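Colleague: Sequence isn't available, so here's the structure alone:
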């Protein structure tokens, strides 16, 4: 008599069933694996975490927001009058100029603020404390126009390559504004440079500035009149002190060779700015 096995039912052969273990429930082993992965991730990026948690870095956040916030506000301001493309390029030209001051001050070990933009009036970098000498101050001051002229030269190269009127206009604005800023009168960069060469150049700067103001019919613009008032508020007290015989005590410590070197660099930079403006002059009405 054949005894039916449990695996043979109605002519079919059923393989013996194997017991399947239930999937492991998440427990300490899983939690340990996740924790280990997190530890490895932290160790891998510990340098980044140290930077992020550095309180000194956190103190820079408001300064960065203030600087870049003023930059974007200036772009918006100029874009209202000249369009977004010109607003962006124009503010970048100013930024490069100000970075020339900032980088040079820092290279001399002088703490300086990040560029802060004032819509309609450009931007400025403030050194925290006086420079150790007028020579150092003059070098950091002239670095701004040199950087700015390099940026204007780049716009001119793009104009020569593309023959686009926009880039001729951008190059002209860059050359012209850096040239105007080199006039030897406070608060322009030229005024700070002249202080290391010979403060009496301020008188020449006043005559040149007023001549430009009249010749360019700038007096017809309320905005230009406000600009004239700001220049007068800064320049008049210093020029009045000059006529009373007061000179910055650091001026006597500037060696004659340094004065000559600064003068050569200054007049060469001014010549490049004026020459570049003459070559790239472009009537905006032709755009």
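Modeller: Yep, that arrived. This is a predicted model, so every value here is computed, not measured.
Colleague: Every contact and neighbour count from this point should use C-alpha atoms.
Modeller: Fine.
Colleague: Show me the shaky parts of this structure.
Modeller: 1-68, 219, 282-287 (pLDDT under 70).
Colleague: Nearest residue to the middle of it?
Modeller: Nearest to the mean C-alpha position of the chain, by Cα atoms, centre = their mean, lies residue 95 at 3.6 Å.
Colleague: right, and that one touches residue 115 too?
Modeller: Yes. Applying Cα atoms under 8 Å, one finds residue 95 in contact with residue 115, separated by 7.2 Å.
Colleague: Pull out the buried residues from the host helix or strand of the residue nearest to the centre of the chain.
Modeller: For residue 95, the element it lies in under DSSP states H and E is helix 84-107. Neighbour-count burial for helix 84-107 flags 86-105 (criterion: 16 or more other Cα atoms under 10 Å).
Colleague: And stretch 261-274, by the same measure?
Modeller: Buried, per 16+ other Cα under 10 Å, within stretch 261-274: 262, 263, 265, 266, 269, 270, 272, 273, 274.
Colleague: Next, show the common contact partners of residue 95 and residue 115.
Modeller: residue 123 (Cα atoms under 8 Å, 6 or more residues apart in numbering).
Colleague: what sits up against the host helix or strand of residue 178?
Modeller: When elements are assigned from DSSP H and E, residue 178 belongs to helix 165-181. The contact list for helix 165-181 (Cα under 8 Å, 6+ apart) reads 86, 89-90, 93, 145, 148-149, 151-156, 158-159, 188-190, 270, 273-274, 276-278, 280-284, 287.
Colleague: again with stretch 143-161
Modeller: 93-94, 96-101, 104, 165-168, 170-175, 178-179, 181-182, 189, 269, 272-273, 280.
Colleague: and with 6 Å instead?
Modeller: The contact list for stretch 143-161 (Cα atoms under 6 Å, 6 or more residues apart in numbering) reads 96, 97, 98, 100, 101, 167, 168, 171, 174, 175, 178.
Colleague: what's the spacing between the fourth one and residue 149?
Modeller: Here the distance between residue 100 and residue 149 works out to 11 Å (Cα to Cα, to the nearest Å).
Colleague: And the fifth one, by the same measure?
Modeller: Counting by Cα to Cα, the gap between residue 101 and residue 149 amounts to 13 Å.
Colleague: Show me the contact partners of the helix or strand hosting residue 209.
Modeller: Per DSSP H and E: residue 209 is located in helix 201-215. Residues from elsewhere that reach helix 201-215 (Cα under 6 Å, 6+ apart): 183, 184, 185.
Colleague: Specify the angle between that helix and helix 165-181 in degrees.
Modeller: If you take axes from the mean of the first three to the mean of the last three Cα atoms, to 10 degrees, helix 201-215 sits at 140 degrees to helix 165-181.
Colleague: and helix 201-215, which residues are buried?
Modeller: Quick answer for helix 201-215 (16+ other Cα under 10 Å): 201, 202, 205, 206, 209, 213.
Colleague: repeat for stretch 155-175
Modeller: Those would be 155-156, 158-159, 165-175, for stretch 155-175 by 16+ other Cα under 10 Å.
Colleague: Return the distance of it from the chain's centre.
Modeller: Offset of stretch 155-175 from its chain centre (Cα atoms, centre = their mean, to the nearest Å): 21 Å.
Colleague: Equivalent analysis for stretch 167-180, please.
Modeller: With Cα atoms, centre = their mean, you get 17 Å for stretch 167-180.
Colleague: Name the nearest residue to residue 104, ignoring sequence neighbours.
Modeller: residue 140 (5.2 Å; Cα to Cα, 6 or more residues apart in numbering).
Colleague: show me where the stretch 151-287 of the chain has helices.
Modeller: 165-181, 189-197, 201-215, 222-243, 256-279 (DSSP state H, counting those that start in this stretch).
Colleague: Which strands or helices does the fourth one pack on?
Modeller: Using 3 or more Cα pairs under 6 Å, 6 or more residues apart in numbering; DSSP states H and E, no helix or strand is in contact with helix 222-243.
Colleague: start at 93 instead
Modeller: In the new numbering, first residue 93, that becomes helix 314-335.
Colleague: And it, what's buried?
Modeller: Those would be 320, 323, 324, 327, 330, 331, 334, for helix 314-335 by 16+ other Cα under 10 Å.
Colleague: Could you check the angle that helix makes with helix 281-289?
Modeller: 10 degrees.
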